[in-house]
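# what's the 3D shape of this:
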Amino acid sequence: MSRLDRREFVAALAAVPVVASLLPGCARAQAPAFNTRPLKPAGEVPVVGIGTARLYQDPQSEADYAPLKATLVRFAELGGKVIDTAPSYGRAEEVLGKLTSELGIRDKLYLATKVGADSLDAGKGQIEQSFKNLKTDFIDLIAVHNLRDTANHLAYLRELRDAGRIGAVGVTSSFDGQYEQFAAVMEREQLDCIQIDYALDNRNAAQRILPLAQEKGIPPMINLPFGRGSLFQATQGKPLPDWAAEIGATTWAQVFLKYIISHPSKPIAIPGTDQVRYVDDNLGAARGPLTDAALRTKMEQFIDGL
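Residues are numbered from 1 along each chain as shown. All right, here's what the predicted structure looks like:
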């Protein structure tokens, strides 16, 4: 689904959060607390963050930067923490570093990036560039992207963690074909975090990866939480089911995110977010009741029936 589709879909519902954003102290006082989970090295963080793939890859003009800057301001203001990026996301690291530096909010955020290189030397150079791009001397999490030269990069990342330059190490994938290898890495390596694709209409990670993360106590981050846009396409123009009220969901985005973060492995969802109203919408899913097993099954049956 295009970004415009979602913009049209949530426009009316977004009016209330936008008004609330004019009175942030009041909005925070009335809103229930975030659901959180522990994530090294920060401690407890809200279970919904921000992803930067595509949306932050190449802004040029002040008009391009303005909504991204406003998004980060609102995210930090509400207490959001986790922002995920990568060297392969165009200029996203550089853009994130520029904006967080200008806004003076680096210390309020949990910055996660990746190393994706086929050799250790290339990976080391990429990592040093990430520090420069993000304009920071400390990165909270660096993960091996799509299992590229995993053993060598994990060993080096642990050296950086021991030296106090980064806070946590992990691995990522968004490809089913890597799941067997991914699980093997989880079995043999000591990891602080994983990142995997998972959505209401893309549940393969729940067969092996997420249960293994739960078993080993590894926090999972979830990329592609809206199913590459397919979930919005499937539900466009459809009213929310009655059961959405049971979990305090007022938009489809909140339904989709509530499904993810209620998995027993306690994932952190990182939806792509480039507008203030999406911050309000997405972080709204991190508050209030979560789904139980029976409702999760009902949600799966609903989406499979569309």
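# can you give me the helices in the stretch 201-306 of the chain?
Assigned by DSSP state H, counting those that start in this stretch, the helices in the stretch 201-306 of the chain fall at 209-216, 230-235, 252-261, 276-284, 293-304.
# just checking, what packs against the second one?
Based on contacts counted as 3 or more CB pairs under 8 Å, 6 or more residues apart in numbering; DSSP states H and E, the elements that helix 230-235 packs against are helix 3-21, helix 252-261, helix 293-304. Placement of C-beta: from N, CA and C, glycine included.
# now stretch 214-233: buried residues?
218-227, 230-232 (16 or more other CB atoms under 10 Å).
# likewise stretch 129-140?
So for stretch 129-140, counting by 16+ other CB under 10 Å, buried means 130-131, 133-136, 139-140.
# got those residues as CSV, with pLDDT and distance to H153 columns?
Putting those into CSV (pLDDT from 0 to 100; distance: CB to CB, whole Å) gives the following:
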residue, pLDDT, distance to H153
S130, 98, 13
F131, 98, 16
N133, 98, 18
L134, 98, 18
K135, 98, 23
T136, 98, 20
I139, 99, 14
D140, 99, 17
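# mind listing which of those residues are in helices?
130-131, 133-134 (DSSP state H).
# about what we covered before: from the buried residues of stretch 129-140, which single one is nearest T36?
The shortest approach to T36 among those belongs to D140, at 15.3 Å (CB to CB).
# pretty sure that closest one contacts V45?
No. D140 is beyond contact range of V45, at 9.6 Å (criterion: CB atoms under 8 Å).
# mutual contacts of the two, please.
In terms of CB atoms under 8 Å, 6 or more residues apart in numbering, D140 and V45 are both contacted by the residues Y110.
# mind checking how far G272 is from F256?
The gap separating G272 from F256 is 13 Å, by CB to CB, to the nearest Å.
# the more surrounded of these two?
Neighbours of G272 and F256, each counted by other CB atoms under 10 Å, are more numerous for F256; the result is 25 against 20.
# local confidence estimate at that one?
Looking at F256, its pLDDT reads 98.
# how about A31?
At A31, pLDDT is 75.
# repeat for A11
Note for A11: predicted pLDDT of 41.
# ok, the spatially closest residue to Y65 that is not a sequence neighbour to A168 distance?
Distance criterion CB to CB, 6 or more residues apart in numbering; nearest residue to Y65, sequence neighbours excluded, is P59 at 5.0 Å. Distance from P59 to A168, counting by CB to CB: 28 Å.
# the helices in the stretch 1-150 of the chain, which residues?
3-21, 24-30, 62-78, 92-103, 120-134, 150-162.
# what's the last one packed up against?
Contacts of helix 150-162 with other secondary structure elements, assessed using 3+ CB pairs under 8 Å, 6+ apart, are made with helix 120-134, strand 139-144, strand 166-172.
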